[in-house]
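Student: Sequence isn't available, so here's the structure alone:
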Ligand SMILES: Cc1cc2nc3c(=O)[nH]c(=O)nc-3n(C[C@H](O)[C@H](O)[C@H](O)COP(=O)(O)OP(=O)(O)OC[C@H]3O[C@@H](n4cnc5c(N)ncnc54)[C@H](O)[C@@H]3O)c2cc1C
Ligand code: FES
């Protein structure tokens, strides 16, 4: 099972993902530039990603909690999601996402 | 040396749950504590990230919210009269010749202390900066992440961004002073208290506040002086004349100055000896989420345990030569007297 991630520098990565894992965990475990400060509790929004429009409808819709957290970042787009709220499953094999600037770790963030 | 130095046994950096409980363990051993936190209230992550959410793994509390746990800890340590210094960041720690420490905050206060306890959690809480190119140039001149003095905004054209309580509260408070207020939020749905939202909507209806649904696209101005904020809205990009911008996107944790104190670090966490939670600098201890040792669990429970062991070692530094007799709070009248329960 794979996900395709474009990082903040525009570099593309193909990552091996496991069923039942959160997309945030996959990105973090592969050492890409994601802060994920709250560890996946939907309490920080530092796991913000843009989902490729072709994949957007395949995801479970964002909960009110997720929308509220998305309010706390300044670079939200229509295809914004929190990657800790996306659970990997067969349907999402091949998922394409781009890391948002606001998800970057401190060292890399301005 | 100036006369406004604070002299104490222990300075605790961070008033999160672990820093608070450390005051209790230190207090039982008669050590006096000052606590410093960049936030304006105690509780650390519990108060800032999840005040209303339940915690289920605090011994003896089947369920307790982040705020209630904080309130209880504050009550528990009250007998020891800890002194709090909020809205202050500890910038530097210097070891003096006699083995004690000199701490300086960003407000230039000086603390002289025998022991430093770093309970800095995930680092200091700092405002989230919206990813707008060139915003740094305006910070502190036209862009502010908090309001210290309302008067500073009198007669200005304000753009306030955000959908939470801070954005709404300041919209309501500053509207009467400012020349104009434009509230910007990415959707027409607000997280803030419903009463504030209603009040804001009333001001919008009266034409006293302008509400725009969209996001900041860019800033215009010169030498840090803002003249307009460009917004990305559903109808395309628009420009709003503005002399001040107040973005309220909440807080994020940054390791901050902790990294510069010369302590041995392990992937941005402070390496400790688990016998007493001492760091690579004798007299400085690190407890809670900020420390690292094999098997570390980032749990409040672990931080409490670490505080108890740290306190024993801290006592030996503050009162060398004094024998520490281990006592239980249930059976020691001496301890109960300190707690004010007998
Ligand atoms: C959503 C969420 C749910 C959680 N649920 C649980 C749970 O159920 N059970 C559990 O055990 N844990 C839970 N945790 C983890 C728990 O909150 C942390 O383990 C705990 O807060 C750590 O406490 P602390 O006192 O070490 O640090 P913190 O709570 O991070 O407090 C550190 C304080 O130090 C201050 N500070 C840092 N540097 C400086 C400086 N230089 N100058 C001044 N001040 C400074 C910070 O501003 C902060 O207030 C949860 C965390 C999150 C985000
Ligand atoms: S990791 Fe914090 S919201 Fe996703």
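Tutor: Now that the structure is in, tell me what you want to look at. Because the structure is a prediction, the values reported are computed rather than measured. Ligands and ions are numbered 1, 2, ... in the order given.
Student: Surely residue B:167 forms part of a helix?
Tutor: Yes: looking at residue B:167 with DSSP: H, G, I helix; E, B strand; the rest coil, it is inside a helix.
Student: Just list the residues touching the residue lying closest to it once chain neighbours are set aside, thanks.
Tutor: Spatially, and ignoring its direct neighbours in sequence, residue B:167 is nearest to residue B:248 (4.2 Å; C-beta to C-beta, 6 or more residues apart in numbering or on different chains). Yep, even glycine has a C-beta here, placed from its N, CA and C like the rest. Shown in contact with residue B:248 (C-beta atoms under 8 Å, 6 or more residues apart in numbering or on different chains): B:127, B:145, B:160, B:161, B:162, B:164, B:166, B:167, B:170.
Student: can we see that at 7 Å?
Tutor: Shown in contact with residue B:248 (C-beta atoms under 7 Å, 6 or more residues apart in numbering or on different chains): B:160, B:161, B:162, B:164, B:166, B:167.
Student: same deal with residue A:53?
Tutor: residue A:79.
Student: Helix, strand, or coil at residue B:104?
Tutor: Put simply, residue B:104 is strand when judged by three-state DSSP.
Student: My read is that it contacts residue B:110, right?
Tutor: Yes: contact criterion C-beta atoms under 7 Å: residue B:104 and residue B:110 qualify, at 5.7 Å.
Student: near chain A at all, stretch B:41-60?
Tutor: Yes: residues of stretch B:41-60 contacting chain A under C-beta under 7 Å from any C-beta of the partner chain: B:49, B:50.
Student: List the buried residues of that stretch.
Tutor: B:41-51, B:55, B:58 (16 or more other C-beta atoms under 10 Å in any protein chain shown).
Student: I'd like the mean pLDDT over it, please.
Tutor: Per-residue pLDDT over stretch B:41-60 has a mean of 94.
Student: Report the distance from that stretch to the chain centre.
Tutor: Centre-to-centre, stretch B:41-60 and its host chain are 14 Å apart (C-alpha atoms, centre = their mean, to the nearest Å).
Student: Show me what it is in contact with.
Tutor: A:38, A:43, B:14-17, B:20, B:39, B:63-67, B:69-70, B:74, B:84, B:86, B:121-122, B:125, B:251, B:299-301.
Student: Equivalent analysis for stretch B:145-160, please.
Tutor: Contact with stretch B:145-160 is made by B:127, B:167, B:170-171, B:173-174, B:177-184, B:229, B:240-248, as judged by C-beta under 7 Å, 6+ apart.
Student: Got a PyMOL select line for the buried ones in those?
Tutor: Entered in PyMOL, the line below selects the buried ones among these, by 16+ other C-beta under 10 Å:
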select buried, chain B and resi 127+167+170+171+174+178+180+181+182+183+184+229+240+242+243+244+245+246+247+248
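Student: quick one, what contacts residue B:64?
Tutor: Counting by C-beta under 7 Å, 6+ apart, residue B:64 makes contact with B:54, B:55, B:58.
Student: rerun at 8 Å
Tutor: Residue B:64 touches B:54, B:55, B:58, B:72, counting by C-beta under 8 Å, 6+ apart.
Student: Which ones among these map onto strands?
Tutor: Secondary structure from DSSP state E places B:54, B:55 of the contacts of residue B:64 in strands.
Student: Which one of the contacts of residue B:64 is nearest to residue B:213?
Tutor: Nearest to residue B:213 among these, counting by C-beta to C-beta, is residue B:54 at 33.5 Å.
Student: low-scoring stretches of chain A, by residue?
Tutor: Where chain A drops to pLDDT under 70, the residues are A:107-110.
Student: Nearest residue to the residue of chain A at minimum distance from chain B in space, please, no chain neighbours.
Tutor: At 2.9 Å from chain B, residue A:74 is the closest residue in chain A, using C-beta to the nearest C-beta. Spatial nearest neighbour of residue A:74, excluding adjacent residues (C-beta to C-beta, 6+ apart): residue B:130 at 2.9 Å.
Student: The one you found: what's it in contact with?
Tutor: A:73, A:74, A:75, B:161, B:216, B:247, B:249.
Student: Relative to the longest strand along chain B, what are the paired strands and their orientations?
Tutor: Criterion DSSP E: the longest strand present in chain B is strand B:210-222. Sheet pairing for strand B:210-222, assigned by DSSP bridges, gives strand B:180-185 (parallel), strand B:225-233 (antiparallel).
Student: which one of these lies closest to residue B:335?
Tutor: When these are compared (using C-beta to C-beta), the closest one is strand B:180-185, at 52.4 Å.
Student: So for the very next helix or strand once past that closest one, what gets flagged as buried?
Tutor: Under the assignment DSSP states H and E, the closest C-terminal helix or strand after strand B:180-185 is helix B:194-205. For helix B:194-205, a neighbour-count test (16+ other C-beta under 10 Å) marks B:196, B:197, B:199, B:200, B:203 as buried.
Student: Return the closest of the residues you listed with respect to residue A:49.
Tutor: residue B:197 (28.8 Å).
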